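*Asks:* please find the sequence and the predicted model below.
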Amino acid sequence: MPSVLPSSDVEIYDPVEKGRHSTPLSAVRMSMLLSGQRAAARKCALIFKENRVASRLVRTLIAALALACTARIVTSAQGNPEAAKVKNPVAATPESIAAGKTVYSKCAPCHGINGEGGPGNDLIPAAPSLVDDMWDHGSTDGEIFDNIKNGVAPDFNMVPWKDQLKDQDIWNVVNYVRSIAKKK
């Protein structure tokens, strides 16, 4: 693979001055043409053109990667449209909220005793607050239920609880979380 040359200057060795100095690339090509080194001049032009193409390719790849990352952030920051349609079948009674508080003790190690979020660690990111108005994965009762039951993909930092909790318990937790949310 040819060496990378800057777009405007080339460092060359000057045997007369016994040292290296910077010379504009066009001057190098011109001196090669004048001295009859057409093949070398063409190669110099080809290297310059390859570097420009490679640079364009690298910029395109970086732009594509940035676009893919942005798309992932946008899609992961949205809730589940199907789950958003699901209505909470359990009324938010004092009994349901008390039962939800009891079950929430399983959530507290990550989300905090008061639902204000957890610190995370080296292996997992901080758990989000459940009492503010920012819900990254959907804020409807159905979406919260879905997040608890099925976890949050793709990394499943929020693990699925479908094997440990009954649907009634999850709905009670949804009611409890709603009850501790900060009022505006």
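*Replies:* It's in. Residues are numbered from 1 along each chain as shown.
*Asks:* outline the domain layout of the chain.
*Replies:* As recorded under automatic domain parsing, the domains making up the chain are 9-76, 81-180.
*Asks:* of the ones you listed, which shows the lowest average pLDDT?
*Replies:* Comparing mean pLDDT across the domains of the chain, the weakest is domain 9-76, with a mean of 59.
*Asks:* give me the element the closest residue to residue 157 other than its chain neighbours is part of.
*Replies:* Using C-beta to C-beta, 6 or more residues apart in numbering and skipping the chain neighbours, the partner closest in space to residue 157 is residue 124 (5.1 Å). In this view, the C-beta of every residue, glycine as well, is placed from N, C-alpha and C. Counting by DSSP states H and E, no helix or strand carries residue 124.
*Asks:* was I right to think residue 124 contacts residue 159?
*Replies:* No. The pair residue 124 / residue 159 is not scored as a contact, 9.8 Å apart, by C-beta atoms under 8 Å.
*Asks:* rewinding a little: the residue nearest to residue 157: how many residues sit nearby?
*Replies:* When neighbours are counted by other C-beta atoms under 10 Å, residue 124 registers 14.
*Asks:* residue 141 versus that one, what's the distance?
*Replies:* 25 Å (C-beta to C-beta, to the nearest Å).
*Asks:* now swap in residue 126 and tell me
*Replies:* Using C-beta to C-beta, residue 126 is found at 24 Å from residue 141.
*Asks:* who has more neighbours, the two?
*Replies:* Neighbour tally, residue 126 and residue 141, criterion other C-beta under 10 Å: the higher count belongs to residue 141, 21 against 13.
*Asks:* need the contact list for the more buried one.
*Replies:* Neighbouring residues of residue 141 by C-beta atoms under 8 Å, 6 or more residues apart in numbering: 86, 87, 88, 171, 174, 178.
*Asks:* mind listing the helices in the chain by residue range?
*Replies:* Remark: helices assigned in the chain by DSSP state H are 25-34, 38-76, 81-84, 94-104, 108-111, 141-150, 167-180.
*Asks:* I figured residue 128 hits residue 115, correct?
*Replies:* No. Here residue 128 does not reach residue 115: they are 9.7 Å apart, not a contact under C-beta under 8 Å.
*Asks:* burial of residue 151, as a residue count?
*Replies:* Residues near residue 151, counting by other C-beta under 10 Å, number 16.
*Asks:* oops, could you answer that again for residue 180 instead?
*Replies:* There are 15 residues near residue 180, going by other C-beta under 10 Å.
*Asks:* could you pull up the contacting residues of it?
*Replies:* By C-beta under 8 Å, 6+ apart, the contact set of residue 180 is 114, 115, 130, 131.
*Asks:* swap the cut-off to 7 Å and go again
*Replies:* Residue 180 sits next to 114, 115, 131 when contact means C-beta atoms under 7 Å, 6 or more residues apart in numbering.
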